[in-house]
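Trainee: The sequence and its predicted three-dimensional model are supplied below.
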Amino acid sequence: MTQSDASPLPAAVDELWWRRDELSPADGRARAVVVNAVDMLDSGKARVATVSRTGEVVVDERARRAVALAFRVLGLARSQVGDFHHRDRVPLKTAVDGVRVVPGAIARWGAYLAPGVVLMPSFVDIGAHVDEGSTVETWVSIGSCAQIGRNVHLSAGVGVGEAACRDGSEDPEALGERPAAAPVVVEDGALIGGRAVISEGARVGRGAVVGAGTILSGSTPIVDVRTGEEVARGRVPDWCVAVGGTRSREFAGGAFGVRCVLLLERLEEGHRPGRAELGRILHGHGQDHGHG
């Protein structure tokens, strides 16, 4: 993970960040700066993270600070959508041109939804970025600042990222007093199976298939089942099929199974396996590799 020095957001965000403990909703100037910054995230003119040409995740720390500062400078406000009443610091998103939004879907202001995105009843938090053609199935939760690529499919019940900064008391700990993990990045064309959890600091590569129920964090070992070798930590490689599993580890009290992610097969670039082929990969090795 690297940090960008070329943020499109104004330097005033940094100045507010360093005196964030002094801020409140009564500070009109600070509120104007933060609202403008989050509006840029909401419209896609800025984003929290991108993947560079060399494959590195580049984080715009100023954008992440703007998300956290919103909880300092916005007061609680009542709103209503149909028969549902809300009371929150962050309003719901209103600009959804070209996006299919099924009743029950919730997207907060500051989340970018590109044209062609489909939202089933789900939740998308402030600072998230969901790119063109992606499908967000029922009960998916996309946490604050998570980055979802083009033509990604998030199956029912998937959790992506952590919804950071739920209230103003949490942002210094989350983003100021400890090194922040990289936002979750799910790259173009990936498929995430039902009830999988992709937590803060983790990354799913282009075209990768992650099996149902898999839990991937930024430190999870990725183990190639063909060699037994650990090929990565926290990142499922491009164009492969991976599922949750365990590997044995010796402790003072004995040998225990420790969670890992198993890389079952590498795919040809650009190839998305069909249902039959995927079933063979997941279950055709003579044993069940943890796919739910």
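Mentor: Nice, I can see it.
Trainee: Okay, and the residue lying closest to Asp97 once chain neighbours are set aside sits in which element?
Mentor: The spatial neighbour of Asp97 that comes closest, neighbours along the chain excluded (CB to CB, 6 or more residues apart in numbering), is Pro115 at 6.8 Å. The way it works is simple: take the backbone N, C-alpha and C, and place the C-beta from them, glycine included. Assignment of secondary structure by DSSP states H and E places Pro115 within no helix or strand.
Trainee: which residues does Pro115 contact?
Mentor: When the contact criterion is CB atoms under 8 Å, 6 or more residues apart in numbering, the partners of Pro115 are 97-99, 132.
Trainee: cool, Ile281 as well?
Mentor: If you count contacts by CB under 8 Å, 6+ apart, Ile281 has them with 241, 264-265, 273.
Trainee: Among these, which lie within strands?
Mentor: Counting by DSSP state E, the contacts of Ile281 place 241, 264-265 in strands.
Trainee: report the longest helix in this structure, please.
Mentor: Secondary structure of the chain read by DSSP state H shows that its longest helix is helix 28-43.
Trainee: what helices or strands is that one leaning on?
Mentor: Counting contacts by 3 or more CB pairs under 8 Å, 6 or more residues apart in numbering; DSSP states H and E, helix 28-43 packs against helix 12-18, helix 61-73, strand 112-113.
Trainee: And the pLDDT at the residue positioned nearest the centre of the chain?
Mentor: For the chain, the residue nearest the mean C-alpha position is Ala146 (2.6 Å; CA atoms, centre = their mean). As summarised for this prediction, Ala146 has a pLDDT of 97.
Trainee: can you check Gly161 too?
Mentor: pLDDT, Gly161: 89.
Trainee: quick one: contacts for it?
Mentor: 125, 128, 142-146, 183-184, 198-200.
Trainee: still on that earlier bit, going through the contacts of Pro115, which ones are buried?
Mentor: Neighbour counting by 16 or more other CB atoms under 10 Å classes Val99 among these as buried.
Trainee: Return the subset of the contacts of Pro115 lying in strands.
Mentor: Using DSSP E, no member of those falls in strands.
Trainee: give me the number of residues near the residue nearest to Arg64 when sequence neighbours are not counted?
Mentor: Sequence neighbours aside, Val48 is the residue nearest to Arg64 in space, at 5.3 Å (criterion: CB to CB, 6+ apart). Burial of Val48 is recorded as 27 neighbouring residues (other CB atoms under 10 Å).
Trainee: Leu23 too?
Mentor: What Leu23 shows, counting by other CB under 10 Å, is a neighbour count of 18.
Trainee: and it, what does it touch?
Mentor: When contacts are counted by CB under 8 Å, 6+ apart, Leu23 is found next to 16, 30, 69, 72-73.
Trainee: Val99 too?
Mentor: Val99 sits next to 113-119 when contact means CB under 8 Å, 6+ apart.
Trainee: Quick check: ChimeraX command selecting the buried ones in those residues.
Mentor: Command for ChimeraX, covering only those of the contacts of Val99 found buried under the criterion 16+ other CB under 10 Å:
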select :113,114,116,117,118,119
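Trainee: still on that earlier bit, Val184 is in contact with the residue nearest to the centre of the chain, correct?
Mentor: Yes - Ala146 lies in contact with Val184 (CB atoms under 8 Å); the separation is 4.4 Å.
Trainee: can you tell me which residues contact the residue nearest to Arg64?
Mentor: 41, 59-60, 63-64, 67, 127, 129, 145, 147, 183.
Trainee: Looking at those residues, spot the one nearest Val158.
Mentor: Closest approach between the contacts of Val48 and Val158, by CB to CB: Gln147, at 14.6 Å.
Trainee: could you point out which element follows the lowest-mean-pLDDT helix or strand in the chain?
Mentor: Sorted by mean pLDDT, DSSP states H and E, the helices and strands of the chain end with helix 171-175, the least confident at a mean of 42. Next in sequence after helix 171-175, counting helices and strands by DSSP H and E, comes strand 185-186.
Trainee: about what we covered before: closest to Asp5 among the contacts of Gly161?
Mentor: Each of the contacts of Gly161 was checked against Asp5 using CB to CB; the closest is Pro183, at 17.7 Å.
Trainee: What's the local residue count around that closest one?
Mentor: Other residues near Pro183 come to 30 when the count uses other CB under 10 Å.
Trainee: Where does the prediction get shaky in the stretch 151-292 of the chain?
Mentor: Counting by pLDDT under 70, the stretch 151-292 of the chain has low-confidence residues at 162-180, 285-292.
Trainee: Many thanks, have a good one.
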